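In: Provide a 3D model corresponding to the input given below.
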Amino acid sequence: WSSLHFTLGGDAESKLKFSRQWIPKNKPEQYEITVPYFMNGQHWKPMKNNHCYYHGHVQDYAISAVSMSTCFGLRGLISFEDKAYILEPLEGATNEHIIYRATSLKLAPGSCGHHLNISAITLEDTVQSIQTFTSRHKRDALKSTKYVELIIVADNREFQRQGKDVEKVKLRLIEMANYVDKFYRPLNIRIALVGVEIWNDADKCAVTQDPFTTLHEFLDWRKLKLLPHKPHDNAQLVSGVYFQGTTIGMAPILSMCTAEQSGGIVMDHSDSPLGAAVTLAHELGHNFGMNHDTLERGCNCKASADKGGCIMNPSTGYPFPMMFSSCSKKDLENSLEKGVGMCLFNLPEVKESFGDPKCGNGYVEEGEECDCGELEECTNQCCNATTCTLRSGAFCAHGLCCENCMLKPAGILCRDASNSCDLPEFCTGGSPHCPANVYLHDGHSCHRVDGYCYNGMCQTHEQQCITLWGQGAKPAPGICFERVNSAGDPYGNCGKDSKGSFAKCEARDAKCGKIQCQGGANRPVIGTNAVSIETNIPLQEGGRILCRGTHVYLGDDMPDPGLVLIGTKCADGKICLNRHCQNTSVFGVHECATKCHGRGVCNNKKNCHCEAHWAPPFCDKAGFGGSVDSGPLRQSEENFLYVWSLTWRVIARKGEPPVYVWRLTWRMIIK
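Out: Okay, here's the model as predicted:
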């Protein structure tokens with residue numbers, strides 16, 4: 001731990017305690033903060049600066065938080081009780097700093113252009129009202145730590161506004177990420193910054209004052225250019241451009257981990273990086289499925305409006321919000337149960353931090369067997385906090401497959417399936433960590449639901465009708481979709497084209513346009529700004545059929561949330577992609593399934609997940625089921641081989657005699 005003393009306005013002297021913040025490092029299967037290929041036009045290059053980002057608290061204040069950078073002087077946020085302060089170097093001075101109330105920050109108050117776009121559209125009750133059509137158990141995803149591998153991109157205007165100083169922009173973006181990670185830690189979510197890219201020569205996609213266009217251009221660039229070069233979970237564009245109106249950020253909702261839309265745009269609207277960090281956290285919240293904290297929702301926020309309120313407020317002013325409301329937590333819980341964020345469980349629980357390893361920072365690094373934090377905070381009975389080694393007789397200290405300091409046997413369930421497209425994971429017997437999360441291959445039939453899997457989720461017209469109209473609602477006949485969506489107006493369309501005009505649906509794509517329903521409540525249940533659009537269509541054989549759609553007044557920069565979700569089944573063997581009804585064969589799921597010999601299913605890594613009595617990788621031999629990715633489905637003690645080994649190491653500290661540590665280890669291998 002590091003310490004810092006300070007006095008504020010006559011208050012008693014306070015003492016900050018903070019520990020080094022985790023930023024992943026680039027080694028095999030690990031990551032490092034990187035400056036991308038703008039350096040030489042082709043490759044990402046590693047940063048050389050030492051670790052200088054910290055989280056902590058104010059000593060003797062139970063409710064306090066510190067997010068600090070020591071890269072070039074001290075810079076960060078200090079909050080305790082109901083006060084928040086900004087600490088930063090004094091401009092033009094050497095080794096002098098200024099500390100002031102966060103309410104004194106200069107910014108342009110603005111709002112989120114909450115972008116409910118074509119592949120992830122919902123309103124405040126969307127994830128809450130969707131019913132799960134499966135008897136499989138949901139895992140409590142909130143209890144598992146989730147890691148967002150984030151890349152932040154600065155556009156050319158941001159580069160210019162920061163004095164055309166690459167190092168200054170780089171550190172500003174990292175500082176933003178440090179704040180965002182601090183905001184999300186109470187939700188058991190870690191923000192792992194795996195890359196920053198600075199467009200110092202020219203923008204690599206169109207960035208204009210129109211936030212709607214900028215968002216679409218950035219997301220397209222991310223999918224086609226950034227993602228193939230640098231794997232990651234989410235990317236955010238920090239822009240120096242002032243967007244039209246009051247919009248300071250925009251992002252798709254329920255889009256985390258998707259190749260098409262896991263990202264957002266953020267206007268750097270404040271002198272302090274904290275301002276953009278709050279907006280980035282807000283847009284990231286939309287990606288997670290969090291909706292705005294509106295009065296109708298009755299959200300519980302521990303910070304009053306004059307203290308900043310909560311992060312998902314529709315508008316941002318000062319002081320800045322720094323926490324999430326009860327509504328945000330509920331939205332997140334429902335999103336995770338629905339299958340949003342499947343990629344976030346895939347980071348190994350043991351990561352090596354950026355900079356030199358340090359025992360006591362809570363991360364298991366090179367040369368450590370465990371790390372439970374500082375001695376005074378360690379509660380792990382399996383780990384020696386002083387040496388970061390396992391205690392005598394302990395075989396593990398961390399992980400879902402570690403219990404009472406012992407490895408759980410192979411075949412023990414460690415992560416249950418969360419929905420009709422998820423697959424369970426099991427302990428392997430050789431590692432304390434649960435295998436990375438896997439789910440059904442895109443295009444595979446949903447389990448017990450009439451739909452197809454896409455990004456680990458099963459979307460159906462029926463689910464969306466219930467979302468919009470409540471229980472008893474169901475999809476309208478196909479003629480409703482065809483007639484209404486052929487209009488190409490706000491009430492019937494296939495989204496917007498590149499010019500921002502409503503696009504007409506071709507007959508074959510009609511079920512990928514505006515959702516059409518029957519039954520349910522008298523009016524939409526998704527909010528007070530939603531209205532019913534009812535259309536009577538005469539039938540050739542006589543009579544009429546009533547089609548019920550919705551229109552929500554959200555502004556010109558956001559499409560109507562009544563559009564069919566991406567991945568929804570639109571016909572037998574077909575799924576909605578980019579507003580077109582396309583064959584599931586585009587995913588290659590059938591070719592993948594043939595290698596499983598009819599005794600298993602294909603997972604998202606294109607490997608077979610075998611039935612209980614068949615062995616991976618091809619389910620053609622007797623075995624314990626599961627996959628090479630998920631571990632074995634069942635146990636069989638007589639088929640386990642135990643391998644024991646005796647090792648020793650020397651711990652030498654300056655001025656102290658060497659300590660010899662012997663360790664008897666074992667691992668269990670399936671024969």
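In: could you pull out the strands for the stretch 101-250 of the chain?
Out: 110-112, 146-154, 189-198, 234-239, 247-250 (DSSP state E, counting those that start in this stretch).
In: closest one to Asn455 among those strands?
Out: The closest of those to Asn455 is strand 234-239. By CB to CB, the value is 13.4 Å. (C-beta placed from N, C-alpha, C; glycine too.)
In: Residues contacting that closest one, please?
Out: Around strand 234-239, the neighbours that count as contacts under CB atoms under 8 Å, 6 or more residues apart in numbering are 148-155, 157-158, 173, 176, 207, 214, 218, 222, 226, 256-257, 262-268, 276, 280, 283-284, 287.
In: could you give the angle of it to strand 189-198?
Out: 50 degrees (axes from the mean of the first three to the mean of the last three CA atoms, to 10 degrees).
In: Direction included, what does strand 234-239 pair against?
Out: Paired neighbours of strand 234-239 in the sheet (DSSP bridges): strand 146-154 (parallel), strand 263-267 (parallel).
In: okay, the ones you listed, which one's buried deepest?
Out: When you average the neighbours per residue for each of the strands paired with strand 234-239 (mean count of other CB atoms under 10 Å), strand 263-267 leads with a mean of 28.
In: Would you pull up how far that one lies from the middle of the chain?
Out: 14 Å (CA atoms, centre = their mean, to the nearest Å).
In: Can you give the distance of the helix or strand just after that strand from its chain's centre?
Out: Per DSSP states H and E, the first helix or strand lying C-terminal to strand 263-267 is helix 273-288. Relative to the mean C-alpha coordinate of its chain, helix 273-288 is positioned 12 Å out (CA atoms, centre = their mean).
In: Same check on stretch 514-526?
Out: Put simply, stretch 514-526 sits 30 Å off its chain's centre (CA atoms, centre = their mean).
In: what comes up buried for it?
Out: Lys514, Ile515, Gln516, Cys517, Gln518, Gly519, Gly520, Pro524, Val525, Ile526 (16 or more other CB atoms under 10 Å).
In: what does stretch 183-191 give?
Out: Those would be Phe183, Tyr184, Leu187, Ile189, Arg190, Ile191, for stretch 183-191 by 16+ other CB under 10 Å.
In: And for stretch 157-167?
Out: Here stretch 157-167 shows Arg157, Glu158, Phe159, Gln162, Val166 as buried, counting by 16+ other CB under 10 Å.
In: you'd agree Arg157 is up against Met267?
Out: No - applying CB atoms under 8 Å, one finds Arg157 not in contact with Met267, separated by 10.1 Å.
In: Of all the strands of the stretch 101-250 of the chain, which one comes closest to Asp331?
Out: Across the strands of the stretch 101-250 of the chain, Asp331 has its closest neighbour in strand 189-198 (13.1 Å, CB to CB).
In: For the closest one, name the packing helices and strands.
Out: Strand 189-198 sits against strand 34-35, strand 146-154, helix 166-184, with contacts defined as 3 or more CB pairs under 8 Å, 6 or more residues apart in numbering; DSSP states H and E.
In: Tell me the backbone dihedrals of Met312, please.
Out: The phi/psi pair for Met312 (degrees, to the nearest 10) reads phi -90, psi 20.
In: where's it relative to Ala84, distance?
Out: Note on Met312: its distance to Ala84, by CB to CB, to the nearest Å, is 18 Å.
In: what's the weakest-modelled helix or strand in the protein?
Out: helix 126-129 (a mean of 28; mean pLDDT, DSSP states H and E).
In: Sketch out the low-pLDDT regions of the stretch 101-250 of the chain for me.
Out: Along the stretch 101-250 of the chain, segments meeting pLDDT under 70 span 102-142.
In: Now with 50, please.
Out: Within the stretch 101-250 of the chain, the stretches with pLDDT under 50 are 106-108, 115-139.
In: ditto for the chain
Out: The model of the chain has pLDDT under 50 over residues 10-13, 20-50, 106-108, 115-139, 348-355, 555-559, 636-642, 668-671.
In: Outline the domain layout of it.
Out: Domains of the chain are assigned by automatic domain parsing as 24-46+107-129+141-345, 355-393, 460-564.
In: Include distance to Glu611 when you put these into a markdown table, please.
Out: Below are the domains of the chain laid out as a markdown table (distance: least, CB to CB, whole Å):
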| stretch | distance to Glu611 |
| --- | --- |
| domain 24-46+107-129+141-345 | 22 |
| domain 355-393 | 35 |
| domain 460-564 | 26 |
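In: Since that was my last question, I'll sign off now.
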